[in-house]
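Q: after the sequence you'll find the predicted model.
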Amino acid sequence: MIDKANIRRNLSRLMAAKSISGTAEEIQGAEVILDMLRELDYFKAHSENIFTYIVAALMCGGAAGDTIILTGHYDVVDADEYAQLKDIAFDMDAITARIGELPMSEECRQDYESGDWLFGRGSADMKFGHALIIELLRHYSEDISALSGNLLYVAVCGEETNSEGMLTAAPFL
C-alpha cells in the first residue's frame, strides 16, 4: 500500500539535499536518490538494476509487459527569494513553520494557515514527484508480482540550467 507518511519522509530527505543547479551541491540530489533506491528490497536483491552513470533504476515486473518511464529533475534554483529564511529553505519542517514571516498574498496566507501545505525549495516542483516515485517503487518492491510490466525511473539534473541531465539520459533511454 502507498504510505503517505513514507512520501512525506522521502520529500523531507530529498529537500534536505540542496542540489542547486550549477553548484557543487547539485550532486547531493543524485546521492540521496541513489541511497533511497538502495534501501528498497527489490534493489537490494537487484543492485545491477541501479545505474549510476545517470541516476536510473529498472524494476522488472513479474510478467512480461510494457515499460513505463518515470522521470523528473532533482535540481533546484537558489533560495534567495526566501530572504531572511534562506538558511532554512531546504528544511521542510523548519520553513513550513516559519514561512508566514514572509510577505505573501491573502490567498497564499490562507493556504499557509490551513496547515494543509508543506513549504521549502523544491517542495512544489519535482522533489515531491521523486518522493512519490520512490514510494511507488517501494510499494511494488514488496510484491513485484503485482507489477505487470516494468518501471524505469530516471532522475536527471540540470533542468534549471540547460537540461544536461536529460540530454545525457536520452542515449541511455
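A: That came through, no problem.

Q: need the pLDDT of the residue lying closest to residue 156 once chain neighbours are set aside.
A: Using C-beta to C-beta, 6 or more residues apart in numbering and skipping the chain neighbours, the partner closest in space to residue 156 is residue 165 (2.9 Å). The C-beta positions use only the backbone N, C-alpha and C, and glycine is treated the same way. pLDDT, the model's per-residue confidence, is 91 for residue 165.

Q: quick one: what helix or strand has the residue lying closest to residue 40 once chain neighbours are set aside in it?
A: Spatial nearest neighbour of residue 40, excluding adjacent residues (C-beta to C-beta, 6+ apart): residue 141 at 4.5 Å. Using DSSP states H and E, residue 141 sits within helix 126-142.

Q: list the buried residues of that helix.
A: Using 16 or more other C-beta atoms under 10 Å as the test for burial, helix 126-142 gives 126-141.

Q: other SSEs contacting it?
A: Under the contact definition 3 or more C-beta pairs under 8 Å, 6 or more residues apart in numbering; DSSP states H and E, helix 126-142 sits against helix 4-16, helix 27-38, helix 41-45, strand 55-60, strand 67-73, strand 150-156.

Q: what's that helix in contact with?
A: Defining contact as C-beta atoms under 8 Å, 6 or more residues apart in numbering, one finds that helix 126-142 is touched by 1-3, 6-8, 10-11, 14-15, 33, 36-37, 40-43, 57, 59, 61, 70, 72-74, 76, 122, 146-147, 151, 153, 155, 159.

Q: buried subset of the residues you listed?
A: Buried, going by 16+ other C-beta under 10 Å: 6-8, 10-11, 14-15, 33, 36-37, 40, 42-43, 57, 59, 61, 70, 72-74, 76, 122, 147, 151, 153, 155, 159, out of those.

Q: from residue 80, how far off is the most centrally placed residue in the chain?
A: By C-alpha atoms, centre = their mean, the mean C-alpha position of the chain lies nearest to residue 130, the distance being 2.7 Å. As for residue 130, its distance to residue 80 is 23 Å (criterion: C-beta to C-beta, to the nearest Å).

Q: do the same with residue 128
A: Distance from residue 128 to residue 80, by C-beta to C-beta: 21 Å.

Q: just residue 109 next, same as before
A: From residue 109 to residue 80 the distance is 21 Å (C-beta to C-beta).

Q: and residue 62, by the same measure?
A: Taken as C-beta to C-beta, the span from residue 62 to residue 80 is 48 Å.

Q: and those two? Which one has more around it.
A: residue 62 (13 against 8; other C-beta atoms under 10 Å).

Q: the more buried one touches residue 146, doesn't it?
A: Yes - Residue 62 lies in contact with residue 146 (C-beta atoms under 8 Å); the separation is 7.3 Å.
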